[in-house]
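S.K.: no sequence on this one, just coordinates:
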């Protein structure tokens, strides 16, 4: 446990209240899993095409036929089905056509599933590797309306063509057998068309939709590379039809204030948490994994001031310290890196590393010739308003594990280490040198004693309150700020139906706060009335 942050436990450094950022959209957008995307519904398109083909065949099969017989009996409807010997070559041709159409239907289904399932990062990698078909995948993935409309059009037309072919060629051959059940020719024909269309729809659904999608999901990137060029060609062919369909759809939905689009929706933090919670309940994740994922969600919004060790709690070495004094401070603190200050801790001039002191003993450096300035390293300064995610990236690039945090006036606000940042994700990282974390002790059903350093987010979790941490990080700082002056023991402030009493002061800061839960009533529930000790 090298980094400095061991002096302040993770509970104190605290995590920001999750509920306050639940509605913020994640940047970059987080995409829904492929299995949950609803950007298109080719199965519905297939069924719709089949039903349309069946209705068309039934209507055509029941229209009056023009000719001499029609002229003699104008009011008699004659079926177009003529009793002729079954032409098996026509049936065979129709079945071959249905097979080819089903294959193309499968290609469209696989293409849509594969292209939708491939992550953007993987696509970029394929493009960089100059893989054949990668550019086509990227063009389609960057333009969802283009490939989704193409897939919809292809599946709809193929489904209609397959059902129509079966109804025209196979239904007449099936009609005589159904008529044996005592039905009239017209009814038998309608039943035959319905049966044939249902059978074709089931075959297409299994072999042209479900099975191909399952295969494509197993190797999405491979199938996307193979099929994207074909879809690109079809997109050019279907472009006029797609534009017409999209335009008509927008006309239909405009009265409802909607717009026909195929963009993948983003997930809010609240929805993402719900997904993780659902996964935990189903056993897909354990509680520790859930906590880490939720911490990662919060990480991008957490500020440095929420995780730093405040100046009043940090251990520092004066620049004029001798070698024995420096070593004694390092050993007593248990840290391998300490800030070096000049005159006051508000002026940090460097960082001393314990490993830089070890060679001095090997070289036989005398304490009299020791100068701390010669071994300390230049400090890295960061504003307290910086996001911890950005700071973590900078620390990784610069290989620094500690930074000095400055307030808006340029003074030292505290210090932050790499461990502080990692603890925001994985939780407490403790060793034998860590001190006990700030805690809350329950006195009775209404009262609790709280360490003034305890993070406001943790206080909210324990008390069920909704105290804001926008301006203050700790409960002691919040009470201090609400009072507006240096508190004295016994002063109290009310917030969220809870009275916070200053129980103990130490060196100008609130050391312990006693929380007394009051009955919630009306306007007093969220009042911030400050009442001096002994006052009304």
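M.R.: Looks like it came in fine. The structure displayed is predicted, hence computed values, not measured ones. Residues are numbered from 1 along each chain as shown.
S.K.: Buried residues in stretch 97-105, which are they?
M.R.: Residues of stretch 97-105 classed as buried: 97-98, 101-102, 104-105 (neighbour count, 16 or more other C-beta atoms under 10 Å). Placement of C-beta: from N, CA and C, glycine included.
S.K.: can you give me the offset of that stretch from its chain's centre?
M.R.: Relative to the chain's own centre, stretch 97-105 is displaced by 39 Å; criterion: C-alpha atoms, centre = their mean, to the nearest Å.
S.K.: now stretch 317-333
M.R.: Its chain's C-alpha centre and that of stretch 317-333 lie 47 Å apart, by C-alpha atoms, centre = their mean.
S.K.: For residue 17, give me the pLDDT.
M.R.: At residue 17, the model reports a pLDDT of 37.
S.K.: do the same with the one 5 residues further on
M.R.: According to the model's per-residue confidence, residue 22 sits at a pLDDT of 35.
S.K.: The helix or strand that contains residue 115 packs against which elements?
M.R.: According to DSSP states H and E, residue 115 maps onto helix 88-117. Contacts defined by 3 or more C-beta pairs under 8 Å, 6 or more residues apart in numbering; DSSP states H and E place helix 88-117 against helix 42-61, helix 134-142, helix 144-169, helix 185-205, helix 211-218, helix 220-237.
S.K.: hmm, which two among the buried residues of stretch 97-105 are most spread apart?
M.R.: Farthest apart among the buried residues of stretch 97-105 by C-beta to C-beta are 97 and 105. That separation is 12.3 Å.
S.K.: Need the residues touching each of these two.
M.R.: Shared contacts of residue 97 and residue 105 (C-beta atoms under 8 Å, 6 or more residues apart in numbering): residue 162.
S.K.: need the strands for this structure, in chain order.
M.R.: Secondary structure of the chain by DSSP state E: the strands cover 309-310, 317-318, 337-342, 344-353, 381-383, 402-406, 412-417, 440-442, 447-451, 492-495, 498-506, 509-517, 530-531.
S.K.: can I get these in JSON lines with mean pLDDT, distance to residue 288 and mean neighbour count?
M.R.: Below are the strands of the chain laid out as JSON lines (pLDDT from 0 to 100; distance: least, C-beta to C-beta, whole Å; neighbours: other C-beta atoms under 10 Å):
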{"stretch": "strand 309-310", "mean pLDDT": "88", "distance to residue 288": "25", "mean neighbour count": "21"}
{"stretch": "strand 317-318", "mean pLDDT": "94", "distance to residue 288": "38", "mean neighbour count": "20"}
{"stretch": "strand 337-342", "mean pLDDT": "93", "distance to residue 288": "29", "mean neighbour count": "21"}
{"stretch": "strand 344-353", "mean pLDDT": "92", "distance to residue 288": "33", "mean neighbour count": "18"}
{"stretch": "strand 381-383", "mean pLDDT": "94", "distance to residue 288": "30", "mean neighbour count": "15"}
{"stretch": "strand 402-406", "mean pLDDT": "93", "distance to residue 288": "27", "mean neighbour count": "24"}
{"stretch": "strand 412-417", "mean pLDDT": "92", "distance to residue 288": "23", "mean neighbour count": "26"}
{"stretch": "strand 440-442", "mean pLDDT": "87", "distance to residue 288": "23", "mean neighbour count": "14"}
{"stretch": "strand 447-451", "mean pLDDT": "91", "distance to residue 288": "25", "mean neighbour count": "19"}
{"stretch": "strand 492-495", "mean pLDDT": "89", "distance to residue 288": "33", "mean neighbour count": "21"}
{"stretch": "strand 498-506", "mean pLDDT": "91", "distance to residue 288": "31", "mean neighbour count": "18"}
{"stretch": "strand 509-517", "mean pLDDT": "90", "distance to residue 288": "29", "mean neighbour count": "20"}
{"stretch": "strand 530-531", "mean pLDDT": "44", "distance to residue 288": "42", "mean neighbour count": "14"}
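S.K.: Just tell me which of those ends up closest to residue 245.
M.R.: Smallest distance to residue 245 across the strands of the chain (C-beta to C-beta): 52.9 Å, for strand 381-383.
S.K.: Which residues outside the closest one are in contact with it?
M.R.: Residues contacting strand 381-383 (C-beta under 8 Å, 6+ apart): 304, 391, 394, 403-406, 408, 416.
S.K.: Let me have these in a markdown table, extended by distance to residue 509.
M.R.: What follows is the contacts of strand 381-383, written out as a markdown table (distance: C-beta to C-beta, whole Å):
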| residue | distance to residue 509 |
| --- | --- |
| 304 | 20 |
| 391 | 26 |
| 394 | 30 |
| 403 | 23 |
| 404 | 20 |
| 405 | 18 |
| 406 | 20 |
| 408 | 20 |
| 416 | 20 |
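S.K.: Tell me the one of the residues you listed nearest residue 327?
M.R.: For those, the closest approach to residue 327 (C-beta to C-beta) belongs to residue 404, at 22.1 Å.
S.K.: what pairs with the closest one across the strands?
M.R.: residue 381, residue 415 (DSSP bridges).
S.K.: so who does it touch?
M.R.: Per C-beta under 8 Å, 6+ apart, neighbours of residue 404: 339, 348, 379-382, 412, 415.
S.K.: go on, residue 367?
M.R.: Residue 367 sits next to 322-324 when contact means C-beta under 8 Å, 6+ apart.
S.K.: The residue nearest to it when sequence neighbours are not counted: what's it in contact with?
M.R.: Spatial nearest neighbour of residue 367, chain neighbours left out: residue 323 (4.5 Å); criterion: C-beta to C-beta, 6 or more residues apart in numbering. Neighbour list for residue 323: 357, 360, 365, 367, 370 [criterion: C-beta under 8 Å, 6+ apart].
S.K.: now do residue 350
M.R.: Counting by C-beta under 8 Å, 6+ apart, residue 350 has contacts 319, 339-340, 372-373, 376-379.
S.K.: Between helix 144-169 and the helix holding residue 115, find me the angle.
M.R.: Calculated by axes from the mean of the first three to the mean of the last three C-alpha atoms, to 10 degrees, helix 88-117 forms an angle of 160 degrees with helix 144-169.
S.K.: Pull out the buried residues from helix 88-117.
M.R.: Applying 16+ other C-beta under 10 Å to helix 88-117 flags 91, 94, 97-98, 101-102, 104-117 as buried.
S.K.: what do you get for stretch 243-255?
M.R.: So, applying 16+ other C-beta under 10 Å, buried residues of stretch 243-255: 245-246.
S.K.: Residues touching it, excluding its own?
M.R.: Residues contacting stretch 243-255 (C-beta under 8 Å, 6+ apart): 145, 149, 152-153, 259-260.
S.K.: Closest one to residue 450 out of those residues, please.
M.R.: Of all the contacts of stretch 243-255, residue 259 has the smallest distance to residue 450: 51.7 Å, by C-beta to C-beta.
S.K.: For residue 468, which non-adjacent residue is spatially closest?
M.R.: Distances taken as C-beta to C-beta, 6+ apart place residue 456 nearest to residue 468, at 7.6 Å, with adjacent residues excluded.
S.K.: ok, the one you found - contacts?
M.R.: 14, 17, 467-469, 472-475, 478.
S.K.: And it, how close does it get to residue 276?
M.R.: Distance from residue 456 to residue 276, counting by C-beta to C-beta, to the nearest Å: 24 Å.
S.K.: what's the neighbour count on the closest residue in space to residue 387 that isn't next to it in sequence?
M.R.: Spatial nearest neighbour of residue 387, chain neighbours left out: residue 303 (6.2 Å); criterion: C-beta to C-beta, 6+ apart. Per other C-beta atoms under 10 Å, the neighbour tally for residue 303 reads 17.
S.K.: which residues sit in contact with residue 303?
M.R.: Per C-beta under 8 Å, 6+ apart, neighbours of residue 303: 16, 384-388.
S.K.: so what pLDDT did it get?
M.R.: Looking at residue 303, its pLDDT is 89.
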